[in-house]
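Enquirer: Could you work out the structure for the sequence below:
(2 chains)
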Amino acid sequence: MLDRALGAWIGVRTRWRGLALPIFASPLLPAALVFAIDGQERSVTGAALGFGLSLLAARALRRGRQGDSRKAAWLMAVGTGLAANMAGHLGTPMSLLMAAGALFGTRMMYQALPETPPPPPPELPAAPPAPPGPIEQSRARLARIEALATRRADPKLQGVAEAMEGVLDDLTAHPDRLPQARRFLAVHLDGLERIAARLEAGAAPPPGLPSLLDELTRTAGELRERLTREESAALEIQVKVLSDRLREEGFR
Amino acid sequence: MPERNVTPAASPPLTTPLVWAWGGVLLTATTWLTGIIALFSSIIGLFD
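Expert: Residues are numbered from 1 along each chain as shown, chains lettered A, B, ... in the order given. Here you go, the predicted model:
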């Protein structure tokens, strides 16, 4: 019963929380006005700061997030301390005492009121997927040709597709060789794709097609060999340069 | 108006209203009193 009454009370206080703070500081408003009439600028500033900070504290409390009551208590402490010193002319020790009283008073007054956790940071929109690279594009085109070769049960077309797949495997393992193979991919894959498209459209294979396919298979193999040979030559040069350097430096 | 997602406090002790009251007393004795002192000080200054 008492628990329920307390819960209801907390509900009411949560709805109205923070609004009492400017009421506590309200005598500072007429004080600021009278100080202004009297031309005491420092005192006007102190009174205005005291009331203004109580409004800020009320605003923080109304938000009701975690840590806001602590923030409001500090705002009240600073406001009260400044008002006591600048408008009340109470001296530094007494002003500090007033500030400490306001700090603990605010903490105590708004204790046990529910606070919401801070909202999660806004999620960044997911980056769009990177467009497929030239090797991936070539592989997709080759997959279509392979599928056609399997459907037609054409061993020569399958052979070319396999040979070109070998080239693509090499390029996947060593993407730095791609510039050397770009022309090959453009010419051979494009040609093979057109042939496959015609065959799929129902064209009768001309007599020269098997030899052309053999040629394509051979050149694919040759390209792989050439790329490997170039790598070997580069390695040989590297070994020679390093050996010479070691000799020059007197290590050998 | 969007509804607030308020996390209920875990059963506060029954002495909580007393703490609130003491908080109110402290604020009265500090912030409110400061305001009253400033108000009287301003009025006295006006007629001084």
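
Enquirer: For residue A:105, see how far away residue A:165 is.
Expert: For residue A:165, the distance to residue A:105 (C-beta to C-beta, to the nearest Å) stands at 79 Å. Every C-beta, even on glycine, is put in place using the N, C-alpha and C of the backbone.

Enquirer: quick one: which of these two has more around it?
Expert: Between residue A:165 and residue A:105, counted using other C-beta atoms under 10 Å in any protein chain shown, the more crowded position is residue A:105 (27 against 17).

Enquirer: Checking that one next. Helix, strand or coil?
Expert: The three-state assignment at residue A:105 reads helix, by DSSP: H, G, I helix; E, B strand; the rest coil.

Enquirer: Spatially nearest residue to it, not counting backbone neighbours?
Expert: Leaving aside its sequence neighbours, residue A:105 sits nearest to residue B:26 (C-beta to C-beta, 6 or more residues apart in numbering or on different chains; 3.1 Å).

Enquirer: count of residues packed around the one you found?
Expert: Counted with other C-beta under 10 Å, residue B:26 comes out at 20.

Enquirer: ok, now the one 3 residues further on?
Expert: For residue B:29, the number of neighbouring residues by other C-beta under 10 Å comes to 14.

Enquirer: can you confirm it is in a helix?
Expert: Yes: counting by three-state DSSP, residue B:29 falls inside a helix.

Enquirer: The closest residue to residue A:228 other than its chain neighbours and chain B, how far apart?
Expert: Leaving aside its chain neighbours, residue A:228 sits nearest to residue A:170 (7.9 Å; criterion: C-beta to C-beta, 6+ apart). When distance is defined by C-beta to the nearest C-beta, to the nearest Å, residue A:170 is 57 Å away from chain B.

Enquirer: And residue A:170, which helix or strand is it part of?
Expert: According to DSSP states H and E, residue A:170 maps onto helix A:155-173.

Enquirer: mean confidence for that helix?
Expert: Mean pLDDT, computed over helix A:155-173, is 82.

Enquirer: ok, residues contacting the longest helix anywhere in chain B?
Expert: Determined from DSSP state H, the single longest helix within chain B is helix B:33-47. The contact list for helix B:33-47 (C-beta atoms under 8 Å, 6 or more residues apart in numbering or on different chains) reads A:24-28, A:30-32, A:34-35, A:37-38, A:40, A:43, A:46-47, A:50, A:80, A:83-84, A:87-90, A:98.

Enquirer: Same check on stretch A:56-74?
Expert: Residues from elsewhere that reach stretch A:56-74, judged by C-beta under 8 Å, 6+ apart: A:14, A:17-19, A:21-22, A:75-76, A:79, A:102-104, A:106-107, A:110-111, A:113-118, B:4, B:6.

Enquirer: show me where chain A has strands.
Expert: In chain A, no strands are defined using DSSP state E.

Enquirer: show me where it has helices.
Expert: Under DSSP H, chain A gives helices at A:2-16, A:20-24, A:28-38, A:41-63, A:68-82, A:92-109, A:134-152, A:155-173, A:178-184, A:190-200, A:209-248.

Enquirer: winner for burial among the ones you listed?
Expert: Stretch with highest mean neighbour count among the helices of chain A: helix A:68-82 (a mean of 24; mean count of other C-beta atoms under 10 Å in any protein chain shown).

Enquirer: Now do that one against helix A:41-63, angle only.
Expert: 170 degrees (axes from the mean of the first three to the mean of the last three C-alpha atoms, to 10 degrees).

Enquirer: Dump helix A:68-82 to PDB, keeping only the CA atoms.
Expert: The C-alpha trace of helix A:68-82 is given here as PDB (Å, rounded to 0.1, in the frame of the first residue of the first chain):
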ATOM      1  CA  ASP A  68      21.200  14.800 -15.700                       C
ATOM      2  CA  SER A  69      20.400  15.200 -11.900                       C
ATOM      3  CA  ARG A  70      24.100  15.400 -11.100                       C
ATOM      4  CA  LYS A  71      24.500  18.000 -13.800                       C
ATOM      5  CA  ALA A  72      21.500  20.000 -12.500                       C
ATOM      6  CA  ALA A  73      22.900  19.900  -9.000                       C
ATOM      7  CA  TRP A  74      26.200  21.400 -10.200                       C
ATOM      8  CA  LEU A  75      24.400  24.100 -12.200                       C
ATOM      9  CA  MET A  76      22.400  25.000  -9.100                       C
ATOM     10  CA  ALA A  77      25.500  25.000  -6.900                       C
ATOM     11  CA  VAL A  78      27.400  27.300  -9.300                       C
ATOM     12  CA  GLY A  79      24.300  29.600  -9.700                       C
ATOM     13  CA  THR A  80      23.700  29.900  -6.000                       C
ATOM     14  CA  GLY A  81      27.400  30.500  -5.200                       C
ATOM     15  CA  LEU A  82      27.700  33.200  -7.800                       C
END
